[in-house]
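1. The following comprises the amino acid sequence and a computationally predicted model.
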Amino acid sequence: MSGPGVTMRIAAASVNAPITGKAGTNAKCLSSRRPARCPVRAAASTRFLRPALDVGTRQAHMAASGRHAERDQPMPLTETSDLVLYHAPRSRSFRILWFLEELGVPYALHRVSLEKGEQKSAEFLKLNPSGKVPAITDRGAPVAESGAIVAYLAERYGNGRFSPAPGDPDRGAYLQWLFYAVGVMEPCFGEKFFKWDVPARQAGWGDFATMERVMTEALAGRTWILGDAFTAADILIGSNLHWGVLWHILPSEGPIGSYADRCRARPAFLEATRIDEELAAQG
Ligand SMILES: N[C@@H](CCC(=O)N[C@@H](CS)C(=O)NCC(=O)O)C(=O)O
């Protein structure tokens, strides 16, 4: 951790190409506008926390999962990490934090205070014109929108582990669920959470009940959304279903509930939760 407004963290190194160049912008956030209420933040819970792992234990976990040992000392943002996550605790950027932990790549975490309106500062709007987290920079180049970030990170750092390659028979289903998570599930949650009354035939996302049925059927008898392999699509589908169960708008049992449990049990999810809650506790 270092400096006001900037939180540092270096994760395990397992990168398929050497990273060089300038790290992401250390945005100074000036706006005092109040942020819109975020359902994820409103409903966040510490229910899935576990105690922090010490460095030795984490290294053992990482060695077991094929990742390199973690650096235990934070290093300055602009000198060490080409990959920066702009993150607010208990927000949608949690899923990117989770994925970075799955990937095991080195990254820096830049905290964005939604309460202070930092996401609407001119500097942050250069990273995400919508003024929302998550956003990342990779060698200074910004990427925004959870779906795009997850797809980008899988391709750039996944080394084939988290996304079926073009031509793979699973590629189509992979893309389908990536887009479904952001294009259908997200508005379905909005519909439920904000009690929108929208005709399902006209609404591109259909309706919440159909989404719940689709998810229940897709996950029945499967470990992950594509079957046996955990992919980047599970980051988006899994975070959505985790939140849905947490908010009591989706079942905690059956295919959805047990899938959400499996997501929560992953070491990377637990580590991301630990980091996120540590940040949240700092206020
Ligand atoms: N479509 C975006 C949504 C991101 C989003 O809604 N982020 C919320 C936090 S959960 C946010 O930054 N809200 C602050 C604001 O809009 O001012 C994505 O999936 O990345």
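-> That came in fine, so what should we check first? Numbering: from 1, shown residues only.

2. buried sites along the helix or strand harbouring Glu278?
-> Under DSSP states H and E, the secondary-structure element containing Glu278 is helix 267-281. Burial within helix 267-281, assessed by neighbour count using 16 or more other C-beta atoms under 10 Å, is assigned to 267-277, 279. All C-beta spots, glycine's among them, are computed from the backbone N, C-alpha and C.

3. again, but for stretch 181-191
-> In stretch 181-191, counting by 16+ other C-beta under 10 Å, buried: 181-182, 184-189, 191.

4. Would you format the residues you listed as CSV with distance to the ligand included?
-> As requested, the buried residues of stretch 181-191 are arranged in CSV below (distance: C-beta to the nearest ligand atom, whole Å):
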residue, distance to the ligand
Ala181, 9
Val182, 6
Val184, 13
Met185, 11
Glu186, 7
Pro187, 10
Cys188, 14
Phe189, 11
Glu191, 15
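
5. low pLDDT regions in the chain?
-> Counting by pLDDT under 70, the low-confidence segments of the chain come to 1-80.

6. mind giving me the domain ranges of it?
-> The chain resolves into domains spanning 39-161+268-281, 171-266 when parsed by automatic domain parsing.

7. between the buried residues of stretch 181-191, which is nearest Met215?
-> Relative to Met215, the closest of the buried residues of stretch 181-191 is Met185; by C-beta to C-beta it sits at 7.9 Å.

8. where's the closest one relative to Pro134, distance?
-> Spatial separation of Met185 from Pro134 under the definition C-beta to C-beta, to the nearest Å is 17 Å.

9. which residues touch Val150?
-> Each residue near Val150 by C-beta atoms under 8 Å, 6 or more residues apart in numbering is listed here: 95-96, 99, 178, 232, 235-236.

10. coming back round to it: most tightly surrounded among the domains of the chain?
-> Of the domains of the chain, the one with the most neighbours on average (mean count of other C-beta atoms under 10 Å) is domain 39-161+268-281, at a mean of 19.

11. any idea where the strands of the stretch 51-200 of the chain begin and end?
-> Ranges of strands in the stretch 51-200 of the chain, per DSSP state E, counting those that start in this stretch, are 83-87, 108-111, 135-138, 141-144.

12. What parts of the stretch 151-283 of the chain come near the ligand?
-> Neighbours of the ligand within the stretch 151-283 of the chain, by C-beta under 6 Å from any ligand atom: Val182.

13. And the helices in the stretch 151-283 of the chain?
-> Under the criterion DSSP state H, counting those that start in this stretch, the stretch 151-283 of the chain contains helices at 171-180, 186-194, 208-219, 232-246, 254-265, 267-281.

14. Not counting its neighbours along the chain, what's nearest the residue positioned nearest the centre of the chain?
-> Residue closest to the average C-alpha location in the chain (C-alpha atoms, centre = their mean): Arg95, at 1.4 Å. Distance criterion C-beta to C-beta, 6 or more residues apart in numbering; nearest residue to Arg95, sequence neighbours excluded, is Ser239 at 3.9 Å.

15. do you know how far that neighbour is from Ala165?
-> Applying C-beta to C-beta, one obtains 24 Å for the distance of Ser239 from Ala165.

16. Likewise for Arg92?
-> Taking C-beta to C-beta, one finds Arg92 at 27 Å from Ala165.

17. and what of Glu155?
-> Separation of Glu155 from Ala165 (C-beta to C-beta): 9 Å.

18. do Ile149 as well
-> From Ile149 to Ala165 the distance is 19 Å (C-beta to C-beta).

19. And for Lys126, nearest residue in space, chain neighbours not counted?
-> Pro142 (7.0 Å).

20. swap that for Ala173, sorry
-> Ala173's closest residue in space is Leu226 (C-beta to C-beta, 6+ apart), at 5.8 Å.

21. who are the neighbours in contact with the one you found?
-> With contact set as C-beta under 8 Å, 6+ apart, Leu226 has these partners: 164, 170, 173-174, 177, 233-234.

22. Nearest to His87 among these?
-> Using C-beta to C-beta, Asp234 is the member of those that lies nearest His87, at 20.0 Å.

23. what's across from the residue nearest to that closest one when sequence neighbours are not counted in the sheet?
-> In space, Asp234 comes closest to Trp224 once its chain neighbours are excluded; the distance is 5.0 Å by C-beta to C-beta, 6+ apart. Applying DSSP bridges to Trp224 gives these bridge partners: Gly227.

24. close enough to count as contact, Trp224 and Phe230?
-> Yes. Trp224 is in contact with Phe230 according to C-beta atoms under 8 Å; the separation is 4.8 Å.
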